[in-house]
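J.: sequence below, structure please.
(chains A and B)
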Amino acid sequence: MIEFKTGLRAEHHRLLLEAIIQPASLIGYDNRQWELLLRLARRAQLSGYLAARLEREGLLDNIPIRAANLLRSGLIQARKQQQSVRWELNRVRWALDDSDMPVIVLKGMAYLLQDLPNAAGRMFADLDLLVSKENLRRVEAALLKKGWQHHALTDYDERYYREWSHEIPALVHPERSIEVDVHHTLSSPLGKLKIDPQSFREAAIEVKEAGCYVLSPEDMVLHCAVNLFQNNELADDLRHLVDFSELLLFFSNRQPLFRQKLIGRANQLGLGKPLFYGLYFSRLLLRSAIPDGLEKQLDRRPGRIAQCVMHYCVPLALLPQHPDYPARRAKYARMWLYWRSHWLRMPLYRLLPHLAYKFYLSVLPARTEISKQK
Amino acid sequence: MRAGQLSRDAFRVLLTGSGLRVKTGPFNLSIRTRLPQLIDQLYRMYAHYSLMGEAEIAEFHVRVISRCSIRRPFARLIQFEVDGRSPFPPVPAEQALATLEWGINLAIAMRINHLLLFHSAAVERNGHVLLLPAWPGSGKTTLCTALIHRGYRLFSDEFGLMDPQSGAFFPLPRLMPLKNRSIEVIRDYLPEAVLGPEIPGTLKGTVAHVRPPQESIRRTDETAQSRWIVFPKWSTGAALQLEPLPRSEAFLLLASNAFNYELLGETAFNAVTHLVRNCECRKLVYSDFDSVLAALDALTDMPADMN
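T.: A predicted model of the protein is given here:
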């Protein structure tokens, strides 16, 4: 890979990355380092994850009490969220019980269902589901009938979801606070990356006791990369890279040929680019043990210039800013990646009006509220 | 060293620079602001807090900054930030102190789960905690203010912080926001109380903060077990009533009134069960301070053999 400096020079970045790579190294942190780490971990939504890892290694009692208290608080919150999302899935299964519509559980809840290592202490407040486009209306109707509701949306947002997005507007049951996001595909249908959700659905694996499906291991890793490098804006998204790297490590340890199957599947589905970035940044930031030439086997790889730009910008976006001294270059890197994510998601003739509308909202929020009331 | 022992200049340098780090109960705060008016108010209201060095971990990093708004270009607005995030929209600059105090409370309520957080005033007398849980508007801050100027030690007017394992309560003596009519009532009844500026126009009306007594802040590390739970209700002209409350009812009132009861689940259930079993529970209706102070003194008096 090209030798090119990253935007990663700051002390606070190293603190957070070392903590994730090697939790045992935290024992040596002094109080000032702890204070900064705790603030960064909170921003990156990794407090629960770090707490779970320290707990697993029996180290929670060997760190400063104030740090342990805050980490435990995060872990308790994460466990409660997980319990709530698990119950939401139970209720969704109940609402869809007499239908024959298979539901595939995605992201956080899927990791939890399989008890994957990145699930411990993971914070998430949404239940993400994938159904076929044919079943989408029926699933939505069934949930609405059993009491779930959509948030009040502007006409613009409603249209955005219905016509341009890979999911419908979130459904929330008024007695609970968990958002149910129902997807019919895994990335924006208008986007540059064309994804065939049917091949994902066909390879899905049944989780008997939960009465639902999860993606196959290769597809789960691929979806994680697609979500991070295709759908998200990457700002403060380090935890999704942690997911990617943990999933890859876990499945590789269990299946000797997993990495080869993953490459093959990415080539088959045309998802080489997001997988390339996932592998590349896991190795760069999290020191994942990934063989050197692995990405070379991908049919579709980003071009040389794109690689250089991403190499510089992605770490600045994924890793949280220093809470007291935000860096301007990180701000620009994030701005660029924000544009990029929209550029990947929709063609220019849609993108420009969309961003203009969002900019208008950010400057004059009250005026639109007033016009809504009228 | 206490914040009030700093010169005004040194105090200002901390607030505008690396942060004023003070200890409030079990938590350390780091506060930063450049607003001259807020600096003056904090210099007076935070005088008793101990300063913490950089070598101690501060749990909460808050900041109050001035803000410009395109929609209101000529208004002087401020924004509260905790770790660089703003949980509230900007408010007029006069409300800086109230917003700072509410913001810190919000951060505590959102982040702390290793302790059970009751929404309750808590004071200590004869070595034991008297809990005064109540809904907003029932006058718990006002009653709490009266108690702490009449021999009770302040734990908190807002949070009953309990370690669910040991049952110990932690003091968290912070500024106490009196609202609307309570301000005059306290000025009349307790001329010795140190009050901050009257801040009109907040979400809760006019607010003025009571500075916690120095003694309460000095003994901020002395925890205690709870022994009495009294649910107060202020009611105009009502005769004093202090009646026993069934433990089952006390349980439900406490649990439904806690910030993180659901989050802690079974741990919280066991802790509240233990708490109500070991406390005397009362329902209180009052309208004047003299009679309520006498009644609560009688309740919290210890038999001679226990002193």
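J.: hmm, the biggest helix by length in chain B touching chain A?
T.: Determined from DSSP state H, the single longest helix within chain B is helix B:96-111. Yes. Using CB under 8 Å from any CB of the partner chain, helix B:96-111 reaches chain A at B:Arg111. All C-beta atoms are positioned from the backbone trio N, CA, C, and that covers glycine.
J.: pull up the distance across stretch A:194-214, start to finish.
T.: End-to-end span of stretch A:194-214 (CA to CA, to the nearest Å): 21 Å.
J.: thinking again about what came up before, next SSE after the longest helix of chain B?
T.: Proceeding N to C from helix B:96-111, the next assigned helix or strand is strand B:116-125, under DSSP states H and E.
J.: could you dump stretch B:218-235 to CSV, C-alpha only?
T.: Only the C-alpha atoms of stretch B:218-235 are listed here, as CSV (Å, rounded to 0.1, in the frame of the first residue of the first chain):
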residue,chain,number,x,y,z
ARG,B,218,-16.8,20.6,54.0
ARG,B,219,-18.3,17.3,55.0
THR,B,220,-19.1,16.2,51.5
ASP,B,221,-17.3,12.8,51.9
GLU,B,222,-19.3,11.7,54.9
THR,B,223,-21.9,9.2,53.7
ALA,B,224,-24.8,8.0,55.8
GLN,B,225,-27.6,5.5,55.8
SER,B,226,-31.2,6.6,55.4
ARG,B,227,-33.6,6.3,58.2
TRP,B,228,-36.6,8.4,57.4
ILE,B,229,-38.5,8.9,54.1
VAL,B,230,-41.0,11.7,54.0
PHE,B,231,-43.1,12.6,51.0
PRO,B,232,-43.7,16.4,51.3
LYS,B,233,-46.5,18.4,49.8
TRP,B,234,-46.9,22.1,50.3
SER,B,235,-50.5,23.3,50.4
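J.: list the buried residues for that stretch?
T.: By neighbour count on 16 or more other CB atoms under 10 Å in any protein chain shown, the buried set for stretch B:218-235 is B:220, B:223-234.
J.: quick one: contacts for the spatially most central residue of chain A?
T.: Centroid-nearest residue in chain A, with CA atoms, centre = their mean: A:His240, separated by 4.5 Å. Shown in contact with A:His240 (CB atoms under 8 Å, 6 or more residues apart in numbering or on different chains): A:224, A:227-228, A:232.
J.: near chain A, which residues of chain B are found?
T.: B:28, B:54-59, B:61, B:70-71, B:83-84, B:111-114, B:262-265.
J.: same thing but 6 Å
T.: Residues of chain B that fall close to chain A, judged by CB under 6 Å from any CB of the partner chain: B:55, B:57, B:70-71, B:83-84, B:111-114, B:263.
J.: of all these, which two lie farthest apart?
T.: The span of the residues of chain B next to chain A, defined through CB to CB, is set by B:Ala55 and B:Arg71 at 43.9 Å.
J.: quick one on the thing from earlier: how close does the residue nearest to the centre of chain A sit to B:Ala268?
T.: Distance of A:His240 to B:Ala268, computed by CB to CB, to the nearest Å: 32 Å.
J.: quick one: distance of stretch B:260-272 to the chain centre.
T.: 22 Å (CA atoms, centre = their mean, to the nearest Å).
J.: which secondary structure elements does whichever strand or helix holds B:Asn28 contact?
T.: With secondary structure defined by DSSP H and E, B:Asn28 is part of strand B:27-33. The helices and strands touching strand B:27-33, judged by 3 or more CB pairs under 6 Å, 6 or more residues apart in numbering or on different chains; DSSP states H and E, are strand B:20-24, strand B:60-67.
J.: report the angle between it and strand B:60-67.
T.: Using axes from the mean of the first three to the mean of the last three CA atoms, to 10 degrees, the inter-axis angle of strand B:27-33 relative to strand B:60-67 is 20 degrees.
J.: who touches strand B:27-33?
T.: Here strand B:27-33 makes contact (CB atoms under 6 Å, 6 or more residues apart in numbering or on different chains) with B:15, B:19-22, B:52, B:56, B:58-64.
J.: likewise for stretch B:278-288?
T.: Outside stretch B:278-288, the residues that reach it (CB under 6 Å, 6+ apart) are B:226-233, B:235, B:237-238, B:240-243, B:245, B:247, B:250, B:292.
J.: out of the residues you listed, which are inside helices?
T.: Of the positions in these, B:247, B:250, B:292 sit in helices, assigned by DSSP H.
J.: now do the contacts for the first one.
T.: Going by CB under 6 Å, 6+ apart, B:Arg247 touches B:276, B:281.
J.: what comes up buried for whichever strand or helix holds A:Cys308?
T.: Assigned by DSSP H and E, A:Cys308 falls within helix A:304-318. Under the neighbour-count criterion of 16+ other CB under 10 Å, helix A:304-318 has A:307, A:309-318 buried.
J.: same question for stretch A:341-349.
T.: In stretch A:341-349, the ones that count as buried by 16+ other CB under 10 Å are A:341-342, A:344-346.
J.: and if you look at stretch B:28-37?
T.: B:28-33, B:35.
J.: now stretch A:273-287
T.: Buried residues in stretch A:273-287 (16+ other CB under 10 Å): A:273-286.
J.: before we move on, what about stretch B:291-307?
T.: Result for stretch B:291-307 [16+ other CB under 10 Å]: buried residues B:292-293, B:295-296, B:299-300.
J.: per-residue pLDDT, the residue nearest to the centre of chain A?
T.: You'll see A:His240 listed with a pLDDT of 97.
J.: after the helix holding A:Cys308 comes which helix or strand?
T.: Next along the chain from helix A:304-318, counting by DSSP H and E, comes helix A:328-345.
J.: quickly check: that following helix near chain B or not.
T.: No. If you take CB under 6 Å from any CB as the test, helix A:328-345 misses chain B, and the best it gets is 12.5 Å.
J.: quick one: distance of that helix to the chain centre.
T.: 17 Å.
J.: just stretch A:244-251 next, same as before
T.: Chain-centre distance of stretch A:244-251: 14 Å, with CA atoms, centre = their mean.
J.: got a list of contacts for that stretch?
T.: The contact list for stretch A:244-251, computed with CB under 6 Å, 6+ apart, reads A:116-118, A:217, A:221, A:224-225, A:258, A:278, A:282, A:286, A:288.
J.: this completes my enquiry, with thanks.
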